[in-house]
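Student: Structure here, sequence nowhere to be found:
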């Protein structure tokens, strides 16, 4: 079974440019998460989807970040415009059902973003 | 919101010794406590987890203990091996939904 797939793995852009990350969760997983991981820190949740509905986006900086999961499967996370402080690893994760259960979250390899 | 503190930030042990990492949390209603291992440049992977109705869980050389009264839980690795070297993160699932709050991580170095 394929794990969570993310692309690109690495991205280098100049500040003020837009950037987008893509995630394909494990087949059958209803819940999808986007995390931000700064160097030397644990992952921090940006947004959580139950199918196509964003149920927790309280940590998403909505002035520059947006996300979508139109058909309840793949998801994209966009930053526009990017700032120097956005340099980090963006992790996608998925689980079977996120509604209060004890479901393991499976992580993708992440996209390492460098903003110059 | 939930606050998770993890100690120590770095831990060096000799091969064969035990390693213990501790996390404390703030929300007494938290109910799920997983531990993730992240090797350099790789994805976090679940190594063990425990639910709030259990005090201890063991899987070969790895064990987790939970003290709900004191609101802390610990990861225990026995007979450490060089391949155990990685960053370990604790996490806590709060009372609302499946949101995990992660600790800052512990860099474990096993010296051979």
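Tutor: It's in. Quantities reported herein were computed from a predicted structural model and do not represent experimental measurements. Residues are numbered from 1 along each chain as shown, chains lettered A, B, ... in the order given.

Student: Quick check, the residue in chain A closest to chain B?
Tutor: residue A:42 (3.1 Å; CB to the nearest CB). For the C-beta atoms, the positions are set from N, CA and C on the backbone; glycine is no exception.

Student: What distance do you get for that residue to residue B:91?
Tutor: Going from residue A:42 to residue B:91 by CB to CB, to the nearest Å gives 7 Å.

Student: Common neighbours of the two, please.
Tutor: Common neighbours of residue A:42 and residue B:91 (criterion: CB atoms under 8 Å, 6 or more residues apart in numbering or on different chains): B:4, B:102-103.

Student: need the contact list for the most centrally placed residue in chain A.
Tutor: Closest residue to the average C-alpha location of chain A: residue A:34 at 2.7 Å, with CA atoms, centre = their mean. Residue A:34 is in contact with A:23, A:45-48, A:67, A:75, A:77, A:90-92, counting by CB under 8 Å, 6+ apart.

Student: tell me which element it falls in.
Tutor: Taking DSSP states H and E as the criterion, residue A:34 maps to strand A:31-37.

Student: I'd like to know how many residues surround the residue of chain A closest to chain B.
Tutor: Using other CB atoms under 10 Å in any protein chain shown, the number of residues around residue A:42 comes to 22.

Student: Touching, it and residue B:100? I think so.
Tutor: No. Residue A:42 is beyond contact range of residue B:100, at 9.3 Å (criterion: CB atoms under 8 Å).

Student: Need the overlap of contacts for these two.
Tutor: Contacts common to residue A:42 and residue B:100, judged by CB under 8 Å, 6+ apart, are residue B:91.

Student: about what we covered before: and the strand holding residue A:34, how far from the chain's centre?
Tutor: 4 Å (CA atoms, centre = their mean, to the nearest Å).

Student: what does chain A have sitting close to chain B?
Tutor: A:3-4, A:31, A:40-45, A:48, A:55-56, A:91, A:95, A:98-110 (CB under 8 Å from any CB of the partner chain).

Student: is it true that residue B:82 touches residue B:110?
Tutor: Yes. Judged on CB under 8 Å, residue B:82 makes contact with residue B:110 at a distance of 5.1 Å.

Student: I figured residue A:32 hits residue A:23, correct?
Tutor: Yes. Judged on CB under 8 Å, residue A:32 makes contact with residue A:23 at a distance of 6.8 Å.
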